[in-house]
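S.K.: From the sequence below, what's the structure:
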Amino acid sequence: MSLKTIVMTQKASREHHMKQCYLSYMLACCFAVTGQHMATAQSPNHASDPSEPSPGLILKRLGARMEAGLSLEQHLAYLRHFDRIDMDHDGHHSTTEYIEKGAYLTPQARRGIFQAADENGDAKVSRAEYVLNRAITDEAKDILLSMDEDRDMAVTWSEFQTHTDLDSSEFSKIAVFDQLDTNGDRSLIIPEFLRVWGRWARQGQAPANVRLDLKREQELDRFWQEVSSTVQEGDFEGYAATCHGEGVLVSGASNTSYPLAHALVRWEKGFQDTKSGAMQASVDFKFSHRMGDATTAHERGIFRYETKKNQETTVDWIHFEALLVKKASGWKVLMEYQKSAAGEHEWQALQP
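M.R.: All right, here's what the predicted structure looks like:
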């Protein structure tokens, strides 16, 4: 046999082995969510102890961010995939749509994935349930595979020790490993890892829609804090960056609307005076109504605007509404509706 033939034979053998590993990996992922070849997710040698750290803290220390780490690009990709399967466009995957008519993997595998995503057991998978399940499982697989030094689709105890940064004062590494190693073979494969990880990621947590709503509201809290900071610092460019290029200002007092760009021209002098120290300014926000999705938001509440100039302080409370859109660069105000004057008692009545 020639050297060339030997090399080609070895290459084909390696490629076949990798294909078999990948196929085994994909099937294992499917069995993981069905739970058909897994024992209990709790190691028999490590029973649950109320004094032990919470699963959420363990996941955090292992690098999990779950929905908090979900980028806009990922979120939109998950939604596009959801919409392709949601054939009747009712905002849910039915068993017919996902399991019976699906084209991904096998019906058995699709059933397992469906059951894992259907966290409330209503035989439907909502957009929020689908997105959260994808965020949790995709991140978990990335974390496990990042520990897999030899790329054999399994993480040994030695690899786990090397690639995890668990503080010994908080955790016993071996105890955490043993709870993940449900079959006790001293290595972690995708099925058992996902089974335990998925349970820990949901334990004691709110439903998927609440978790994703909270993620959006936390992002918007940071956005409004940034708006407040730019006003206080007199940072005109920073403030302008929070506005959409085609944004609209609606004024209830003057019963008119006009581009936010025109309003910015009018407001710039106040920012310059604040930056130079000629005046002081601050703005704070409280909300009575918040709703939205991954890329849009409607916020309603009151803002408090205070200025100090020439030893004179002026305070205005304004009922307002804002429509915002999320772009790659972050949230932007698309419409600001300054409705009417509010009173201090109304401001105080709203929760921070």
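S.K.: going forward, measure contacts and count neighbours with C-alpha atoms only.
M.R.: OK.
S.K.: Doesn't G63 lie inside a strand?
M.R.: No - secondary structure of G63 (DSSP: H, G, I helix; E, B strand; the rest coil): coil, not part of a strand.
S.K.: Surely it touches K141?
M.R.: No - applying CA atoms under 8 Å as the test, G63 and K141 come out as separate, 11.8 Å apart.
S.K.: More neighbours: which of these two?
M.R.: Legend: neighbour count by other CA atoms under 10 Å for G63 and K141, higher for K141 (17 against 14).
S.K.: pretty sure the more buried one contacts L188?
M.R.: No - if you go by CA under 8 Å, K141 and L188 don't touch, sitting 11.2 Å apart.
S.K.: For the residue nearest the centre of the chain, what are phi and psi?
M.R.: When CA atoms, centre = their mean is applied to the chain, the residue found nearest the centroid is E67 (2.6 Å). Main-chain dihedrals, E67, degrees, to the nearest 10: phi -70, psi -30.
S.K.: give the contact list for it.
M.R.: For E67, the contact set (CA atoms under 8 Å, 6 or more residues apart in numbering) comprises 132, 135-136, 211-212, 215.
S.K.: Tell me the buried residues within the residues you listed.
M.R.: Buried by 16 or more other CA atoms under 10 Å: 132, 135-136, 211-212, 215, out of the contacts of E67.
S.K.: Count the residues that sit near K60.
M.R.: Residues lying near K60 (other CA under 10 Å) number 13.
S.K.: what helix or strand is it on?
M.R.: Counting by DSSP states H and E, the element that carries K60 is helix 55-61.
S.K.: next one: Y258
M.R.: For Y258, the host element (DSSP H and E) is strand 256-259.
S.K.: Likewise for L334?
M.R.: L334 is part of strand 330-341, with elements assigned from DSSP H and E.
S.K.: Can you tell me the strand partners of that strand and which way each runs?
M.R.: strand 243-251 (parallel), strand 312-327 (antiparallel) (DSSP bridges).
S.K.: Of these, which is nearest M279?
M.R.: The closest of the strands paired with strand 330-341 to M279 is strand 312-327. By CA to CA, the value is 9.8 Å.
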